[in-house]
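> the amino acid sequence is not available; the structure is as follows:
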Ligand SMILES: [Fe+2]
């Protein structure tokens, strides 16, 4: 794979192996993440953290028999590609300190829509032959600030016709809500450092619907912090 020819980190390889990712998909997912790491190390690392958390979250859901209409596989794809659209954001803005981000809120709010367009292949493969279309993750990227987070965007969604069935859209919406838990936690605890673990969990629960609140409650009950990762 041209200039993306660098192996993924060990944890990612382990996840890909355990989920049975095909060679083409592991190359593509890592390729999109690697591009983001090169474009903005800060946001590339965030993407990796969220993928890591989504794997742990999927593991917890599986092991505890929690019913959610989303597989661990979908969570890892969705989490690992949710912010792909930041590839189209100005890298100087992305690398600015956390507290400056409000000055560029309009540009930053483009990224879910850009994740969608990039991952459905609207802009091709950006010159990297091994990057693939990831249609389901495109929806998760589009929705991840739409249904859970307090400041919801994009206000207007593009028309979601073919190839998406109503069932796929619903499933991706559920996945995006779970990805948003990891995304918000990672941003608050690891990226900005504004909140500690307990405060972040409270914020998640305050903004969650009943399904995610039950999940968070169960995690606390079992003493399991799926968000604890090597930052
Ligand atoms: Fe985002």
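Okay, I see it. Keep in mind the model is a prediction, meaning the values are calculated, not measured.
> tell me which residue is most central in the protein.
Among the residues of the chain, residue 79 comes closest to the average C-alpha position under CA atoms, centre = their mean, at 2.8 Å.
> now that residue: closest residue in space that isn't a chain neighbour?
Among residues not flanking residue 79 along the chain, residue 54 sits closest, at 3.1 Å (CB to CB, 6 or more residues apart in numbering). Every residue, glycine included, has its C-beta placed from N, CA and C.
> give me the distance between the one you found and residue 157.
22 Å (CB to CB, to the nearest Å).
> which one's more surrounded, these two?
Looking at residue 54 and residue 157 with other CB atoms under 10 Å, you find the greater number of neighbours at residue 54, namely 29 against 14.
> quick check: the more buried one touching residue 81?
No - at 10.5 Å, residue 54 and residue 81 do not qualify as touching, with contact defined as CB atoms under 8 Å.
> check which helix or strand the residue nearest to residue 79 maps to.
Using DSSP states H and E, residue 54 falls within helix 41-63.
> quick one: contacts for the residue nearest to the centre of the chain?
Counting by CB atoms under 8 Å, 6 or more residues apart in numbering, residue 79 makes contact with 50-51, 53-55, 179, 182-183.
> quickly check those residues for the two that are furthest apart.
Across these, the longest distance by CB to CB is 14.1 Å; it joins 55 and 183.
> wait, residue 45 sits on residue 36?
No - the criterion here is CB under 8 Å, and residue 45 misses it with residue 36 at 9.2 Å.
> neighbour count for the two, which is higher?
Using other CB under 10 Å, the more surrounded residue of residue 45 and residue 36 is residue 36, with 24 against 17.
> any idea how far that one lies from residue 44?
Separation of residue 36 from residue 44 (CB to CB): 4 Å.
> name the surrounding residues that touch the helix or strand hosting residue 38.
Using DSSP H and E, residue 38 sits in helix 23-39. For helix 23-39, contacts defined as CB under 8 Å, 6+ apart pick out 1, 4, 6, 8, 12-13, 16, 21, 43-45, 47-48, 51, 77, 80-81, 83-84, 86-87, 91, 94, 118-119, 126, 128, 130-132, 134.
> what's the PyMOL line that selects buried ones from those residues?
Selection of buried members from the contacts of helix 23-39 for PyMOL, criterion 16 or more other CB atoms under 10 Å:
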select buried, resi 4+8+12+16+21+43+44+45+47+48+51+77+80+81+83+84+86+87+94+118+119+128+130+131+132+134
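> the contacts of helix 23-39 in helices, which ones?
Per DSSP state H, helices hold the following members of these: 12-13, 16, 43-45, 47-48, 51, 77, 80-81, 91, 94, 118-119.
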